[in-house]
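K.L.:
predicted model follows, preceded by the sequence.
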Amino acid sequence: MKAAVLASPQPISQRPLQIIDVADPRMRSGHVLLRVRACGVCRTDLHIVEGELPAKQVRLIPGHQIVGEVIDGARPELPVGSRVGVSWLGGTDGTCPYCQRGMENLCDSPTFTGYTIAGGYAEYAFARGDFVYPLPDALDDLHAAPLLCAGIIGFRSLRVAGVERGERVGLFGFGASAHLAIAVLQAWKCEVYVSTRGESHRKLAQALGANWVGRETEKPPVELDRAITFAPSGDVVVTALSSLRKGGVVAINAIHLDRVPQFDYDRLLWGERQIRSVANMTRADARDFLALAARIGLKPKVTVFSLDQANEALMAVKADAIDGAAVIVP
């Protein structure tokens with residue numbers, strides 16, 4: 001099969017993904033073999049390719065937002081031809097204290113699609129059968145792919161932040177994840193305030209109905225109940241924190257953060273304001289979000305790249321050169 005393979009992490013400008021022919025995936029017990037129909041491109045893929053996350057495999061196929069068709073390993077609930085989604089969390093041990101507490105997103109021995117196991121920048125992929133999600137007919141391939149990480153993790157971020165219906169919520173950064181979260185917030189009748197650096201992202205936030213849109217250095221005109229940061233920047237976390245009311249919460253939706261800068265505790269954190277991190281997702285998050293996405297007709301804005309253009313897709317993500325999400329179609 002054809003795949004985009006990372007042999008050595010390098011800056012994406014060096015085009016480190018090699019588009020080559022590799023052996024077809026071998027079936028494993030408890031897994032399903034998928035023909036990849038689409039694979040979303042995530043900023044986490046960029047962190048992996050550029051080495052900001054430590055390498056876990058010598059040769060890796062990235063990609064963890066896979067829409068695939070079951071072609072082998074079928075079971076009664078997943079017959080051949082089933083259209084399913086695969087996300088970042090590729091498996092858990094089921095036995096560690098976190099799994100036993102229902103916190104599988106914090107599993108001590110997880111597997112991650114496109115990081116510790118081969119992902120979806122390829123013509124075929126395999127996945128654990130209990131970690132794939134049947135996709136509603138209302139979600140077509142291209143628009144389902146970005147939902148499988150950007151959408152699910154954005155949804156979990158809202159949960160981690162404790163968002164309640166009708167609250168004032170700030171989104172700091174407005175890329176692939178935030179432009180999906182805004183639709184959920186609107187379904188919950190929340191007011192949405194967006195701060196982001198890119199002019200095209202600000203225009204997209206306005207087009208999607210944000211109550212207020214500003215630059216990354218601008219504070220919303222009201223105090224926020226909740227804020228979610230999407231940029232891998234500690235400065236953005238401080239900006240979000242400075243926008244909260246007393247008792248408000250910032251949820252950091254980033255697998256990698258450049259640093260946490262010093263800030264004034266008395267002015268910014270005192271008053272029972274909270275900072276929380278968002279780590280991975282659970283299967284319950286995935287199922288709940290996909291059902292909600294189908295119900296509200298969520299369709300992300302997508303830009304399509306061929307498998308041969310995998311490097312270009314990641315370059316575009318790094319440069320914030322596209323609005324919405326990038327999707328690779330083999």
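P.N.:
Right, received. Where do you want to start? Residues are numbered from 1 along each chain as shown.
K.L.:
tell me where the stretch 201-330 of the chain is predicted with low confidence.
P.N.:
Counting by pLDDT under 70, the stretch 201-330 of the chain contains no low-confidence residues.
K.L.:
show me what the top strand by length along the chain is packed against.
P.N.:
In the chain, taking DSSP state E as the definition, the longest strand is strand 31-41. Judged by 3 or more CB pairs under 8 Å, 6 or more residues apart in numbering; DSSP states H and E, the packing partners of strand 31-41 are strand 65-72, strand 83-86, strand 124-128, helix 141-144, helix 310-318, strand 325-329. Just so you know, the C-beta spots here come from the backbone N, C-alpha and C atoms, and that holds for glycine as well.
K.L.:
can you redo the ones you listed as JSON lines with distance to residue 181?
P.N.:
As requested, the helices and strands packed on strand 31-41 are exported to JSON lines (distance: least, CB to CB, whole Å):
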{"stretch": "strand 65-72", "distance to residue 181": "16"}
{"stretch": "strand 83-86", "distance to residue 181": "18"}
{"stretch": "strand 124-128", "distance to residue 181": "25"}
{"stretch": "helix 141-144", "distance to residue 181": "16"}
{"stretch": "helix 310-318", "distance to residue 181": "17"}
{"stretch": "strand 325-329", "distance to residue 181": "13"}
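K.L.:
distance to residue 239 and mean neighbour count for these - can I get that in JSON lines?
P.N.:
Formatted as JSON lines, the helices and strands packed on strand 31-41 follow (distance: least, CB to CB, whole Å; neighbours: other CB atoms under 10 Å):
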{"stretch": "strand 65-72", "distance to residue 239": "28", "mean neighbour count": "23"}
{"stretch": "strand 83-86", "distance to residue 239": "33", "mean neighbour count": "24"}
{"stretch": "strand 124-128", "distance to residue 239": "38", "mean neighbour count": "24"}
{"stretch": "helix 141-144", "distance to residue 239": "31", "mean neighbour count": "22"}
{"stretch": "helix 310-318", "distance to residue 239": "21", "mean neighbour count": "21"}
{"stretch": "strand 325-329", "distance to residue 239": "24", "mean neighbour count": "24"}
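K.L.:
mind checking the ones you listed for the one nearest to residue 97?
P.N.:
If you check each of the helices and strands packed on strand 31-41 against residue 97 by CB to CB, strand 124-128 wins as the nearest, at 21.1 Å.
K.L.:
tell me which strands the closest one pairs with, and in which orientation.
P.N.:
Next to strand 124-128 in the sheet, as set by DSSP bridges, lie strand 31-41 (antiparallel).
K.L.:
on that earlier part again, quick one, which of the helices and strands packed on strand 31-41 is nearest to residue 108?
P.N.:
Nearest of those to residue 108, taken as CB to CB: strand 124-128 at 17.1 Å.
K.L.:
if we can go back for a sec, just want the angle from the longest strand of the chain to helix 310-318.
P.N.:
Relative orientation of strand 31-41 versus helix 310-318 (axes from the mean of the first three to the mean of the last three CA atoms, to 10 degrees): 50 degrees.
K.L.:
after strand 31-41 comes which helix or strand?
P.N.:
Once strand 31-41 ends, the next helix or strand along the chain (criterion: DSSP states H and E) is helix 43-49.
K.L.:
quick check: buried residues in that next one?
P.N.:
Neighbour counts using 16 or more other CB atoms under 10 Å place 43-49 of helix 43-49 among the buried residues.
K.L.:
go on, stretch 182-189?
P.N.:
Residues of stretch 182-189 classed as buried: 182-186, 188 (neighbour count, 16+ other CB under 10 Å).
K.L.:
now do it: everything it contacts.
P.N.:
With CB atoms under 8 Å, 6 or more residues apart in numbering as the test, stretch 182-189 has contacts from 154-155, 158, 163-166, 169, 171, 192, 194, 205, 208-210, 289, 292, 296, 298.
K.L.:
can you say which of those are buried?
P.N.:
Buried by 16+ other CB under 10 Å: 154-155, 158, 163, 169, 171, 192, 194, 205, 208, 210, 289, 292, 298, out of the contacts of stretch 182-189.
K.L.:
inside helices: which ones of those?
P.N.:
154-155, 158, 205, 289, 292 (DSSP state H).
K.L.:
looking at those residues, which is nearest residue 256?
P.N.:
Nearest to residue 256 among those: residue 154, at 16.7 Å, using CB to CB.
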